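[1] Okay, here's the prediction I keep looking at, along with the sequence it came from:
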Amino acid sequence: MNKYQEALNIFCEQNTFKDISKDVLNENYKLLQELVDNPPLKFEDLHEGMWIWDDKNKIYNLIYEKRINCAKEKEIEFQWEMPDRECQNFMTDVYEENRFYRREVQQ
């Protein structure tokens, strides 16, 4: 069970919110709010194997690798084909602030 389901279960297992302490309410509210919030991702938030929304190109990408190149730029290598296929295509791009998100940005 993931942390979001656990937080939701705490709310669902009670008859009313008045039966839940204020601290537990706030803690679980903040956790569930992560599902709604969609801030731009920092370079440090990106991980190999993570699907991210590229708002510049309006597409989801799978991160294959991230690194700092010889010009000291933050680079991300994306995999364009699914990992279980024989032919895999990769594209490298420079990280830009306010470009990458957990999910599609609604305008």
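    Yep, it's here. Residues are numbered from 1 along each chain as shown.

[2] quick check: longest strand of the chain.
    strand 59-68 (DSSP state E).

[3] Figure out how far the helix or strand of the chain with the lowest mean pLDDT is from the centre of its chain.
    One helix or strand of the chain scores below all others by mean pLDDT, DSSP states H and E: helix 3-12, with a mean of 75. In terms of CA atoms, centre = their mean, to the nearest Å, the centre of helix 3-12 is found 20 Å from the chain centre.

[4] in it, what's buried?
    7-8 (16 or more other CB atoms under 10 Å). All C-beta spots, glycine's among them, are computed from the backbone N, C-alpha and C.

[5] Just the CA trace of that helix, in PDB.
    Extracted C-alpha coordinates of helix 3-12, given in PDB (Å, rounded to 0.1, in the frame of the first residue of the first chain):
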ATOM      1  CA  LYS A   3       1.600   6.500   1.400                       C
ATOM      2  CA  TYR A   4      -1.400   8.200  -0.400                       C
ATOM      3  CA  GLN A   5      -3.600   5.200   0.100                       C
ATOM      4  CA  GLU A   6      -2.700   5.000   3.800                       C
ATOM      5  CA  ALA A   7      -3.500   8.700   4.200                       C
ATOM      6  CA  LEU A   8      -6.800   8.300   2.400                       C
ATOM      7  CA  ASN A   9      -7.700   5.200   4.500                       C
ATOM      8  CA  ILE A  10      -7.300   7.300   7.700                       C
ATOM      9  CA  PHE A  11     -10.000   9.600   6.500                       C
ATOM     10  CA  CYS A  12     -12.200   6.900   5.200                       C
END
